[in-house]
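**Student:** pasting a predicted model and its sequence here:
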Amino acid sequence: MRKIRGKVLCAVLCAVFLLTGCSTKVSHKTPEAVVKSLISAYQNQDEKAVKKCFGFDPDKKTDSAVKKEINYNMKYFEAHAAKDVKFEKADILGSFEKRDLVYVWYNYEVELKKETQEVPALAFYFVQEKDKDYFVVPAKDVTDKMSKASREAYKKFVKTEEYREYEQQYETFIRKNPKYENSLQNKFKEVSGKAKNK
């Protein structure tokens with residue numbers, strides 16, 4: 001009887017996990033942590049976690065500009081069809097108008113040619129502090145001055161050893177998979193088209 005109960009309980013727990021999906025843990029402790037949380041939320045297709053990273057109520061609708069940003073990135077990550085993302089490095093490139101510009105280098109883990117390969121990627125986000133917690137700044141709230149400052153920071157960043165290392169790894173991946181970028185663009189168009197038709 002105990003064995004039967006155990007099997008039933010296990011089946012129920014498995015069913016709950018499948019129905020609820022993968023929930024993303026969001027950290028607001030540091031600027032780097034919340035950006036990593038955002039990347040993980042996009043990878044997991046977890047819109048509620050994405051909203052938390054931006055500082056929005058996960059159960060309420062966002063305005064059209066934020067919704068568009070979230071949808072775009074969710075579909076971009078979906079197009080990669082990655083099994084997971086692995087973080088390499090993250091750091092603050094500078095502070096502008098009391099907001100930190102954070103870069104994160106992560107790798108999409110994708111199945112290609114019957115093996116798991118890593119696709120290097122970079123992301124840049126402004127982060128703001130509120131009540132000792134950190135939140136990602138939505139694109140619509142990035143001012144012209146912040147954009148200009150981020151471009152200047154990027155010019156300096158591409159001269160660093162970290163960027164050269166990233167660039168070398170990406171070029172190595174593309175040499176091994178020369179059709180990957182075109183394939184990704186086509187897949188992104190495909191998943192974006194499906195979203196519009198819903």
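**Tutor:** Received it, and whenever you're ready, just let me know what you need.

**Student:** only C-alpha atoms for contact and neighbour calcs from this point on.
**Tutor:** Will do.

**Student:** burial check on the closest residue to Ser23 other than its chain neighbours, number of neighbours?
**Tutor:** Nearest non-adjacent residue to Ser23, counting by Cα to Cα, 6 or more residues apart in numbering: Asp46, 6.8 Å away. Neighbour count of Asp46, defined by other Cα atoms under 10 Å: 17.

**Student:** same thing with Lys98?
**Tutor:** Residues contacting Lys98 under the criterion other Cα under 10 Å number 11.

**Student:** since we're on the closest residue to it other than its chain neighbours, how many residues are nearby?
**Tutor:** Distances taken as Cα to Cα, 6+ apart place Gln128 nearest to Lys98, at 7.0 Å, with adjacent residues excluded. Other residues lying near Gln128 total 22 when counted by other Cα under 10 Å.

**Student:** in a helix, Gln128, correct?
**Tutor:** No: judged by DSSP: H, G, I helix; E, B strand; the rest coil, Gln128 forms no part of a helix; its state is strand.

**Student:** which SS state does the nearest residue to Val158 once chain neighbours are set aside fall under?
**Tutor:** The shortest distance from Val158 to any non-neighbouring residue, by Cα to Cα, 6+ apart, is to Arg164 (7.1 Å). Secondary structure of Arg164, reduced to three states by three-state DSSP: helix.

**Student:** so who does the spatially most central residue of the chain touch?
**Tutor:** The chain has Ile39 as the residue nearest its centroid, 2.0 Å off, counting by Cα atoms, centre = their mean. The contact partners of Ile39, taken as Cα atoms under 8 Å, 6 or more residues apart in numbering, number zero.
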